[in-house]
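S.K.: Quick one, structure for this:
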Amino acid sequence: MELITVNGLTMQFGQHRALDSVDFTVHSGVTGLVGANGAGKTTFMSIALGLRAPTAGSIRVLDLEPVADGAKLRSLVSYGPERNILPDEIPAVDFVKHLAEVRGIPRKEAKTRASDILWLVGLGEERFRPIGTMSTGQRQRVKLAQAIAADPKLVFLDEPTDGLDPLARDEVLTLIRQISEEYGIHVMISSHLLEEVEQICDNIVILNAGKLIASGQLDKLTGESTGLEIELVKVDDLPNAVGDVERALQQVGLTVLREPESMILRIPDGEPSLLQDLVRDAVADVGARLKRLEYRRRSLEDIILDVPS
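M.R.: Down below sits the predicted model:
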């Protein structure tokens, strides 16, 4: 299912091009929108929500044009902002109920739904507390609760784990995955943390300085091997072990990459079983000791590091 289709999307602010002729398609599930600060993530979300029109190109969200079909689109999507814009003095349950009503849920149903959703996100016993008395992690859960209160088809979450410690971050990420799998709500999360995107996302969109770096299913983008990685044990009696193994492998016709100031070598290409035999022979011939021999999968970090600076 195609949730978002983008063609030649461009956004210009004066001399600054925040998005530069971007093309990609977002499919169902949880999608990570990844990039450093200034990559164009927030600009893209604002366009997808119909809050601003692009300078050029087109975008369709749930087969709707965000600006022209804004009213209909906003009944189907929701948004969890990065900034803390929650009202301090209002109890969480009243805030979530109010936003559900604003999005068209009848008052009685909105009241019930607000309580149920706050229980879902782990704030059932805290639901009557004023939001201003809650911790950062609890406020992030309130943002998530209000975003799903009206049962949207698609939710945009801008840095949903910002300011959280590792335990609280994992709990929020688990909730996001649960909402997608158990309630059928599609999610796009904006994040600069690669590990959290790899943890829960089905799809990925990577932006850098307004340009598209990569997009698609996460397992296909990161599933390919980057080669056989060899790590040797550092032994004082063999100070040149890495260089000796490197030369031995090159002598049998292999391309060998060496990580500076480390005990690691990498062979990017070759038949797996043959390579492993050749490596073990080379290590034994020079008297070195093998610490690790494994094939590495391509990671999101590898994809980003491959981008020319």
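S.K.: C-alpha from now on. contacts and neighbour counts both.
M.R.: Noted.
S.K.: how far does the strand or helix carrying Gly32 sit from the chain's center?
M.R.: Using DSSP states H and E, Gly32 sits in strand 30-34. Here the centre of strand 30-34 is set off from its chain's centre by 4 Å, with Cα atoms, centre = their mean, to the nearest Å.
S.K.: And the next helix or strand past that strand?
M.R.: That would be, after strand 30-34 and using DSSP H and E, helix 41-48.
S.K.: Identify the residues contacting whichever helix or strand comes after that following helix?
M.R.: Helices and strands here follow DSSP H and E; after helix 41-48, the next one along the chain is strand 56-61. Strand 56-61 is contacted from outside by 3-11, 21, 48, 65-66, 73, using Cα atoms under 8 Å, 6 or more residues apart in numbering.
S.K.: tell me which residues in strand 56-61 are buried?
M.R.: Residues of strand 56-61 classed as buried by neighbour count (16 or more other Cα atoms under 10 Å): 57-61.
S.K.: Most neighbours among the contacts of strand 56-61, please name it.
M.R.: The residue in the contacts of strand 56-61 with the most neighbours, by other Cα atoms under 10 Å, is Ala48 (26 neighbours).
S.K.: show me what contacts it?
M.R.: With Cα under 8 Å, 6+ apart, Ala48 has these contacts: 59-61, 66.
S.K.: Can you give me the first-to-last residue distance of stretch 147-167?
M.R.: Taking Cα to Cα, to the nearest Å, stretch 147-167 runs 22 Å from one end to the other.
S.K.: For stretch 278-295, C-alpha coordinates in CSV please.
M.R.: What follows is stretch 278-295, C-alpha atoms only, in CSV (Å, rounded to 0.1, in the frame of the first residue of the first chain):
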residue,chain,number,x,y,z
LEU,A,278,42.0,-18.6,2.5
VAL,A,279,41.8,-16.3,5.5
ARG,A,280,42.4,-19.2,8.0
ASP,A,281,45.4,-20.4,5.9
ALA,A,282,46.9,-16.9,5.7
VAL,A,283,46.5,-16.3,9.5
ALA,A,284,48.1,-19.7,10.3
ASP,A,285,51.0,-19.1,7.8
VAL,A,286,52.1,-15.9,9.5
GLY,A,287,51.6,-17.3,13.0
ALA,A,288,48.8,-14.8,13.9
ARG,A,289,45.7,-15.5,16.0
LEU,A,290,42.2,-15.0,14.7
LYS,A,291,39.8,-13.2,17.0
ARG,A,292,36.7,-12.8,14.7
LEU,A,293,35.7,-13.8,11.2
GLU,A,294,32.2,-12.7,10.1
TYR,A,295,30.2,-11.2,7.3
